[in-house]
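[1] mind looking at a prediction? Sequence and model below.
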Amino acid sequence: MPEAPRSDRRALLALAAATVFAVLGYAATVTVMLHTEAEPPGGAAAPTPPTWVLPVASAPASPPVSIAPAPSSRSIRPSPIRGGTRPVSAATKGAGRKQTAKPTPPAPVLVTGSTIGLGLVDAPGYRLRHRDFVAQVEPLTADSAPLDRMDTRFTVRVGRADSRCVAFEAAGHPGFFLRHRDFVLRLDRADGTVLFDRDATFCPVPLAGGFVLRSVNFPDRHLVLADGGVRLEPVAAGQATRFRALPPL
């Protein structure tokens with residue numbers, strides 16, 4: 001085939017180049033127009049589209065634990081005192097009252113000439129008795145032997161050294177009296193001496209449901225249970241042995 005003239009080939013190349021430039025120019029024009037329409041007015045940058053993230057499954061939350069009850073929303077007021085009165089303390093109640101003296105304890109039931117038993121306030125069932133002419137305390141009842149019961153009986157006499165006080169004569173041994181000798185309570189025969197009369201006289205002192213026995217010749221001493229017997233000891237009345245008069249067995 002005969003070769004085309006050189007001028008024709010140049011014309012074809014020029015036409016092809018013009019077509020390419022025309023296509024590129026059109027594409028550029030469309031791109032600029034799209035960009036201009038997408039840009040918001042005022043020149044502000046377009047917002048970034050949101051990114052969606054799938055939630056990650058987690059363990060269910062534990063229910064809340066109540067530590068203390070919630071305070072009430074309603075206020076609580078103290079109830080009013082009925083009648084408009086106010087509580088009065090014990091001290092206020094007694095302030096307007098007249099103070100009265102405590103009643104004097106009754107004198108011990110020791111009737112002169114009566115035969116009694118001497119019981120113990122702090123040891124019910126025990127009685128004072130003489131055994132082998134020495135005073136002691138034993139648990140004795142109406143079922144005890146006759147001789148033991150007889151040794152618990154004493155006749156109340158006027159005090160041999162002081163008429164305001166008393167003496168105790170043994171019911172089973174007339175003429176024998178309880179007396180302290182060497183500070184031990186014994187049963188001795190009255191010999192008529194001043195010393196014996198004083199040793200055999202006791203003054204009852206009322207004390208808490210009974211009485212204690214104070215010596216006439218040793219006013220600071222009282223009868224006390226000690227060393228298995230009864231002694232005259234230098235103790236206060238509150239520390240002495242409390243006796244009470246009982247019916248004889």
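    Good, I have the coordinates. Numbers count the residues shown, from 1 in each chain.
[2] mind checking the end-to-end distance for stretch 141-149?
    Taking Cα to Cα, to the nearest Å, the span from the opening residue of stretch 141-149 to its closing residue is 8 Å.
[3] what pLDDT, on average, does the top strand by length along the chain get?
    If each strand of the chain is counted by residues according to DSSP state E, the longest one is strand 123-131. Over the span of strand 123-131, the pLDDT mean works out to 96.
[4] on the three-state scheme, residue 196 is what?
    helix (DSSP: H, G, I helix; E, B strand; the rest coil).
[5] list the residues that contact it.
    Residues in contact with residue 196 (Cβ atoms under 8 Å, 6 or more residues apart in numbering) are 160, 177, 179, 188, 190. Bear in mind the C-beta positions are built from the backbone N, C-alpha and C, glycine included.
[6] what's the closest of these to residue 220?
    Nearest to residue 220 out of those is residue 179 (Cβ to Cβ; 18.0 Å).
[7] report the beta-bridge partners for that closest one.
    Partner residues in beta bridges with residue 179: residue 186, with DSSP bridges as the criterion.
[8] wait, it sits on residue 188?
    Yes - taking Cβ atoms under 8 Å as the contact criterion, residue 179 and residue 188 are neighbours in contact, 5.3 Å apart.
[9] mind giving me the packing neighbours of the longest strand of the chain?
    Of the remaining helices and strands, those touching strand 123-131 by 3 or more Cβ pairs under 8 Å, 6 or more residues apart in numbering; DSSP states H and E are strand 115-120, strand 134-139.
[10] what's that strand in contact with?
    Strand 123-131 is contacted from outside by 117-120, 135-141, 148, 151-152, 154, 170, 178, 186-187, 230, 243, 246, 249, using Cβ under 8 Å, 6+ apart.
[11] from the residues you listed, which would you call buried?
    Applying 16 or more other Cβ atoms under 10 Å to the contacts of strand 123-131, the neighbour count classes 117-120, 135, 137, 140, 151-152, 154, 170, 178, 186-187, 230, 243, 246, 249 as buried.
[12] and the nearest residue to residue 167 once chain neighbours are set aside, how many neighbours?
    Nearest residue to residue 167 in three dimensions, chain neighbours excluded: residue 157, at 4.4 Å (Cβ to Cβ, 6 or more residues apart in numbering). As a burial measure, the neighbour count of residue 157 was computed by other Cβ atoms under 10 Å and equals 15.
[13] swap in residue 133?
    12.
[14] residues in contact with it?
    Taking Cβ under 8 Å, 6+ apart as the criterion, residue 133 is in contact with 176, 186, 187, 188.
[15] now for the nearest residue to residue 159 once chain neighbours are set aside: which residues touch it?
    With Cβ to Cβ, 6+ apart as the criterion, residue 159 has its nearest non-adjacent residue at 3.5 Å, and that residue is residue 165. Going by Cβ under 8 Å, 6+ apart, residue 165 touches 159, 201, 202, 203, 204, 216.
[16] let's see 6 Å
    Going by Cβ atoms under 6 Å, 6 or more residues apart in numbering, residue 165 touches 159, 201, 202, 203.
[17] out of these, grab the one that's most surrounded.
    Greatest neighbour count in the contacts of residue 165, by other Cβ under 10 Å, goes to residue 202: 28 neighbours.
[18] so what's it scoring on pLDDT?
    Per-residue pLDDT puts residue 202 at 98.
[19] residues near the spatially closest residue to it that is not a sequence neighbour, how many?
    On the basis of Cβ to Cβ, 6+ apart, the spatially nearest residue to residue 202 that is not a chain neighbour turns out to be residue 213, at 4.1 Å. Applying other Cβ under 10 Å, we find 28 other residues in the vicinity of residue 213.
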